[in-house]
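J.: Sharing a model that was predicted from the sequence below.
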Amino acid sequence: MSIKLIALDVDGTLLDDDHRISDNNIRTIRRAAELGVKIVLCTGRGSMSAKPVMEELGLEGVMITHNGASIMDTSGNVLHEYTFNIREVEELIHYCRKHGVHYDLNTSTNMIVDQMPADAKKMYDAFLAEPEMVGDVLQVDEPLVKFCMFGNQDLMDQVERDWPDDQQELRFIRSGDYFVDVMRPDVSKGIALKKLAEIWQVDRSEILAMGNYYNDIDMLRFAGIGIAVANSPDEVKKAADEVTVSNNEDAVHMALCKHLPLIKV
């Protein structure tokens, strides 16, 4: 079958290590869209950080954000979301405050913080995010889709060691060396991609997905063609159908040229 939907992870896959999209990647993705293929960003980022990437690609459409907790379009319409409330992460907030872990709350359309250390500000700037500052996040009463913890790799390794073995209420995901995301247990990129495919009536065999990290594994397994980039951990590579070049070597361009016959290198 021909490819009808391409699901792309952003950081570490579409973007290089300097958070840039190569000209080859942009041209090839636009060509795929011109051929009628649906391009969907499938990212741990929120909509405010994902939308500028879509704009740089020159595309409008649907984004799977927050590791699958929210499906939105570029006009700001929420198509589907998996929510929880602030009380469910109250213990985690106290943990973060005790151990010096930076955190933010995320709705489908907004990011909320009650602190802004310099390293966090630098991180948000790099990801094109502008969090809303409040006095105390424990007073937030909006439905949340993700709780995110940020810090250096050693600190996040410790968070990973400390998180509970029993994750029935919330799911902990290591979404990058410096990030741990907490969401509902029925949330993942793969589940969101499956739901979107059902809405669009696209068979999984007609989907190509690309990713580079542990939070991409079930998306790669669900897609008819799951491609890991060369900079992925071994576990991610093993979950994929194939491995392509790294995110610094036009990985998306190379993969699409291989699997879409009308696109040439």
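T.: Yes, it's here.

J.: What values do phi and psi take at the spatially most central residue of the chain?
T.: Central residue check for the chain by C-alpha atoms, centre = their mean: the C-alpha nearest the mean position is that of residue 43, 1.7 Å away. Backbone torsions for residue 43, taken as degrees, to the nearest 10, come to phi -140, psi 160.

J.: Quick one, grab the pLDDT at it.
T.: Per-residue confidence at residue 43 stands at 95 (pLDDT).

J.: And residue 261, by the same measure?
T.: 79.

J.: Count the residues that sit near it.
T.: Using other C-beta atoms under 10 Å as the criterion, residue 261 is surrounded by 10 other residues. C-beta: built from backbone N, CA, C; applies to glycine.

J.: do residue 198 as well
T.: Taking other C-beta under 10 Å as the criterion, the count of residues near residue 198 is 10.

J.: Distance check, it against residue 81.
T.: Here the distance between residue 198 and residue 81 works out to 16 Å (C-beta to C-beta, to the nearest Å).

J.: Any stretches of the stretch 151-265 of the chain with poor pLDDT?
T.: In the predicted model, the stretch 151-265 of the chain carries pLDDT under 70 at residues 166-168, 263-265.

J.: Leaving out the residues flanking it, which one is nearest to residue 83?
T.: Using C-beta to C-beta, 6 or more residues apart in numbering and skipping residues adjacent in sequence, the residue nearest residue 83 is residue 143, 3.7 Å away.

J.: repeat for residue 29
T.: The spatial neighbour of residue 29 that comes closest, neighbours along the chain excluded (C-beta to C-beta, 6+ apart), is residue 57 at 5.5 Å.

J.: give the contact list for that neighbour.
T.: Shown here is residue 57, whose contacts under the criterion C-beta atoms under 8 Å, 6 or more residues apart in numbering are 21, 26, 29-30, 39.

J.: tell me the pLDDT at it?
T.: According to the per-residue confidence, residue 57 scores 96 in pLDDT.

J.: Start the count at 59 instead of 1 going forward.
T.: New numbering, starting at 59: the last item is residue 115.

J.: For the stretch 109-258 of the chain, just list every one of the strands.
T.: Counting by DSSP state E, counting those that start in this stretch, residue ranges of the strands within the stretch 109-258 of the chain are 120-123, 128-131, 136-139, 160-164, 169-171, 190-191, 204-208, 229-234, 237-241.

J.: most packed of those strands?
T.: For the strands of the stretch 109-258 of the chain, the largest average neighbour count (mean count of other C-beta atoms under 10 Å) is found in strand 120-123, namely a mean of 27.

J.: helices or strands up against that strand?
T.: In this structure, strand 120-123 packs against strand 96-100, helix 105-115, strand 128-131, helix 247-258, with contacts taken as 3 or more C-beta pairs under 8 Å, 6 or more residues apart in numbering; DSSP states H and E.
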